[in-house]
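Asks: Sharing a sequence plus its predicted fold:
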Amino acid sequence: MEQEETASFEMKIEKAKEILENLSNPELSLSDGMKKYQEGIAILQEATKMIEEAKLEYVKLQNNGENK
């Protein structure tokens, strides 16, 4: 991952942690909790996609090195 992508990935993980902490709040309404949960899932899916893309790029680079 490039430096900007790494920062973006780290920001997504930090945001997901914040959401998890918010979900632990007993005063959070069910409606707000569901919204936060959905937001957290979306962020984690984006982060997972970034990891998968990085893996594909790594394999691609590794295969190019072996073909030389």
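Replies: Sure, I can see it. Numbers count the residues shown, from 1 in each chain.
Asks: which residues touch the residue lying closest to Tyr37 once chain neighbours are set aside?
Replies: Nearest residue to Tyr37, sequence neighbours excluded (CB to CB, 6 or more residues apart in numbering): Leu23, at 6.5 Å. Yep, even glycine has a C-beta here, placed from its N, CA and C like the rest. Counting by CB atoms under 8 Å, 6 or more residues apart in numbering, Leu23 touches 33, 36-37, 40.
Asks: mind listing what the residue nearest the centre of the chain touches?
Replies: In the chain, the C-alpha nearest the mean C-alpha coordinate belongs to Ala47, at 2.1 Å (CA atoms, centre = their mean). Residues near Ala47 by CB under 8 Å, 6+ apart: 9, 12-13, 16.
Asks: what distance separates the helix ranked longest in the chain from the centre of its chain?
Replies: The single longest helix within the chain, with elements called by DSSP state H, is helix 30-66. If you compare the mean C-alpha spot of helix 30-66 with that of the full chain, they lie 5 Å apart, counting by CA atoms, centre = their mean, to the nearest Å.
Asks: Repeat that for stretch 10-21.
Replies: 9 Å.
Asks: CA atoms of that stretch as PDB?
Replies: The C-alpha trace of stretch 10-21 is given here as PDB (Å, rounded to 0.1, in the frame of the first residue of the first chain):
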ATOM      1  CA  GLU A  10      -5.400   3.300   9.600                       C
ATOM      2  CA  MET A  11      -8.000   6.100   9.700                       C
ATOM      3  CA  LYS A  12     -10.700   3.500   8.800                       C
ATOM      4  CA  ILE A  13      -9.600   1.200  11.600                       C
ATOM      5  CA  GLU A  14      -9.500   4.000  14.100                       C
ATOM      6  CA  LYS A  15     -13.000   5.100  13.000                       C
ATOM      7  CA  ALA A  16     -14.300   1.500  13.400                       C
ATOM      8  CA  LYS A  17     -12.800   1.500  17.000                       C
ATOM      9  CA  GLU A  18     -14.600   4.700  17.800                       C
ATOM     10  CA  ILE A  19     -17.900   3.300  16.600                       C
ATOM     11  CA  LEU A  20     -17.300   0.100  18.600                       C
ATOM     12  CA  GLU A  21     -16.800   2.300  21.700                       C
END
